[in-house]
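Q: just to be clear, the model below is a prediction. Sequence and coordinates:
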Amino acid sequence: MTLKEIKRVEVMKLVESKQITGEQAAGMLGLSLRQTRRIIQKYRSGGATALMHGNRGKPSPHRLDEEKVDRIQDLLREHYGDYNTQHLVEILAERHDLHISASSLTRIRRATGYPTPRHKKRRKYYARRERKAIRGEMLQADGSIHAWLEGRGRRLALIAYIDDATSQVYATFREEEDAVGYLQVLQEICLTEGIPQCIYMDKRLASREQKPWMGKSQFERIMEELGIQLILAQSPQAKGRVERLFDTLQDRLVKALREAGAADLSSANTVLRTFLTHFNQHFMVTAGQTGSAFVPWHKTSEADALFTFHYTRLVKNDNTISFDNHILQLPSPTNRCSFAKAKVSLHQHLDGRLTVHYHHSQIACFEQMPGVPIKINKFTPAQDYSNKDRLPANPHKEQKKPKQIPHSSPGLDHPWKRSYGYHLNGTLIHKNSSH
């Protein structure tokens with residue numbers, strides 16, 4: 001008997017012993033008085049078993065025919081053991097006029113010992129991860145390309161970091177989601193808060209500008225130099241805090257940009273700075289532990305050198321290097337004759353400058369054209385650095401004149417000057433006959 005039926009039996013016993021009335025029994029069972037009286041009559045006529053459901057123990061009228069089940073089992077053993085369930089449902093209906101649901105066929109296959117050969121991939125088990133206990137222990141990073149300006153300007157990419165312990169947000173707008181934007185925000189965090197312990201970000205973002213076979217990406221190299229542990233997420237759900245942040249910002253921040261009339265990148269970043277001040281005050285939470293895991297930044301002078309993209313170039317014979325299809329002329333060295341055939345390191349800074357280094361010493365600097373957005377592997381020089389006149393690396397050194405090689409012409413009696421058909425001594429070998 002079920003618990004519901006046992007409860008009814010106990011109430012009926014109270015009624016029979018005249019401890020409660022029929023109305024009280026109806027209230028205890030949650031039924032009408034008329035229905036309660038029917039139950040009392042059934043109990044008096046048949047006892048406790050009369051209160052059980054009448055279909056209990058009887059076969060279902062909707063059960064499959066035994067002959068039909070036996071025929072399907074025979075077909076499974078003989079012909080269709082390796083067919084998947086849905087395919088087999090269609091085959092049985094078309095070829096054998098056996099109509100059966102996929103769920104019923106699954107039960108028959110399991111009972112027969114021929115389960116479906118196609119198995120659904122078992123979903124991985126994910127457990128909820130608690131917040132980090134102290135601020136600066138981990139930052140989550142991601143970017144969102146969205147119509148932030150609602151048609152008043154081009155689509156922008158919002159690059160954001162969020163502290164896992166306090167939900168404090170650091171962000172900036174960029175024309176596209178790239179490593180430059182992530183480093184710009186991270187540099188601001190390091191200079192104002194300190195260096196975080198680790199960063200949790202998307203796998204594709206850390207190595208977007210580099211192929212897998214090329215080793216570490218520029219972003220991974222910078223994280224290693226800063227001593228930041230880089231955790232690469234395998235799915236968006238793994239860094240759900242920053243993903244949910246964008247759901248909120250795509251609602252609230254869009255309204256703030258609309259009210260301010262922002263229509264370009266510069267005005268959008270101006271509105272963003274004011275918005276984040278109020279947003280953090282409203283949504284920040286208190287960390288589980290006091291203190292900060294941010295490592296204080298004591299290398300202010302080295303920040304510009306650390307947050308750079310590095311490239312290697314081989315100096316040509318005319319003391320030039322190439323970058324982004326631009327020829328850059330190196331200045332004349334003071335401690336050597338030339339940089340020709342030397343390997344130099346080219347550093348692209350976050351302000352657009354290009355500096356050339358040889359043996360840890362800067363030997364040249366090229367400025368980026370003002371107003372041009374900084375992009376990795378891209379450079380627009382502020383002036384022509386190609387030096388088309390190709391000045392020598394050391395102008396004070398006397399240049400060697402090219403060696404003049406004398407050229408002698410053959411004489412008139414040289415065999416090359418003679419017509420075909422003459423001996424070397426000048427006599428005619430063959431004379432054409434007249435016609």
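A: Looks like it arrived, so ask away.

Q: where are the low-confidence patches of this protein?
A: 205-214, 299-301, 387-403, 405, 407, 412, 415-435 (pLDDT under 70).

Q: what about 80?
A: Flagging of the chain using pLDDT under 80 yields the residue ranges 1, 54-57, 59-61, 117-128, 203-216, 234-238, 298-302, 334-337, 384-435.

Q: for it, which segments count as strands?
A: Applying DSSP state E to the chain gives strands spanning 139-146, 156-163, 169-174, 198-202, 229-233, 308-314, 320-323, 326-329, 343-349, 354-358, 361-366.

Q: can I get those in TSV with distance to L31 and mean neighbour count?
A: All C-beta atoms are positioned from the backbone trio N, CA, C, and that covers glycine. Listed next are these as TSV, based on distance: least, C-beta to C-beta, whole Å; neighbours: other C-beta atoms under 10 Å:
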stretch	distance to L31	mean neighbour count
strand 139-146	56	21
strand 156-163	56	24
strand 169-174	58	21
strand 198-202	58	21
strand 229-233	56	16
strand 308-314	78	15
strand 320-323	87	18
strand 326-329	89	18
strand 343-349	81	18
strand 354-358	87	19
strand 361-366	90	15
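
Q: nearest to H79, of those strands?
A: Taking C-beta to C-beta, strand 229-233 is the member of the strands of the chain nearest to H79, at 47.3 Å.

Q: just the CA atoms of the closest one, as PDB, please.
A: Extracted C-alpha coordinates of strand 229-233, given in PDB (Å, rounded to 0.1, in the frame of the first residue of the first chain):
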ATOM      1  CA  GLN A 229      49.500  32.400 -13.700                       C
ATOM      2  CA  LEU A 230      47.400  32.100 -16.800                       C
ATOM      3  CA  ILE A 231      44.500  29.700 -16.600                       C
ATOM      4  CA  LEU A 232      42.900  29.000 -20.000                       C
ATOM      5  CA  ALA A 233      39.200  28.200 -19.900                       C
END
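
Q: partners of that strand in the sheet?
A: Counting by DSSP bridges, the strands paired with strand 229-233 are strand 198-202 (parallel).

Q: alpha carbons only: can I get the strand it pairs with in CSV?
A: Extracted as CSV, the C-alpha positions of strand 198-202 are listed here (Å, rounded to 0.1, in the frame of the first residue of the first chain):
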residue,chain,number,x,y,z
CYS,A,198,46.3,34.6,-11.8
ILE,A,199,44.1,35.5,-14.8
TYR,A,200,41.3,33.2,-16.0
MET,A,201,40.5,33.8,-19.7
ASP,A,202,39.4,32.2,-22.8
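
Q: that one to strand 156-163, inter-axis angle?
A: If you take axes from the mean of the first three to the mean of the last three C-alpha atoms, to 10 degrees, strand 198-202 sits at 140 degrees to strand 156-163.

Q: so which of the strands of the chain gets nearest Q404?
A: Q404 sits nearest to strand 320-323 of all the strands of the chain, at 28.0 Å, using C-beta to C-beta.

Q: what about Y182, how many residues nearby?
A: 25 (other C-beta atoms under 10 Å).

Q: which strand residues bridge the closest residue to it other than its chain neighbours?
A: Nearest residue to Y182 in three dimensions, chain neighbours excluded: I159, at 5.8 Å (C-beta to C-beta, 6 or more residues apart in numbering). Assessed by DSSP bridges, I159 has beta-bridge partners G143, T172.

Q: picking up where we left off before, out of the strands of the chain, flag the one nearest G240.
A: Closest of the strands of the chain to G240 is strand 139-146, at 8.7 Å (criterion: C-beta to C-beta).

Q: now the angle from the closest one to strand 156-163?
A: Relative orientation of strand 139-146 and strand 156-163, computed by the same axes, to 10 degrees: 160 degrees.

Q: show me what strand 139-146 is packed against.
A: Applying 3 or more C-beta pairs under 8 Å, 6 or more residues apart in numbering; DSSP states H and E, one finds that strand 139-146 contacts strand 156-163, helix 179-192, strand 198-202, helix 203-206, helix 240-260.

Q: N319 against R336, yeah?
A: No. N319 lies out of contact with R336 (C-beta atoms under 8 Å); the separation is 10.9 Å.

Q: who's more crowded, these two?
A: Using other C-beta under 10 Å, the more surrounded residue of N319 and R336 is N319, with 23 against 12.

Q: domain map for the chain?
A: The chain breaks down by automatic domain parsing into domains covering 3-51, 66-112, 139-283, 307-392.

Q: make TSV out of those domains and add distance to Q404.
A: Shown next, in TSV, are the domains of the chain (distance: least, C-beta to C-beta, whole Å):
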stretch	distance to Q404
domain 3-51	115
domain 66-112	86
domain 139-283	49
domain 307-392	21
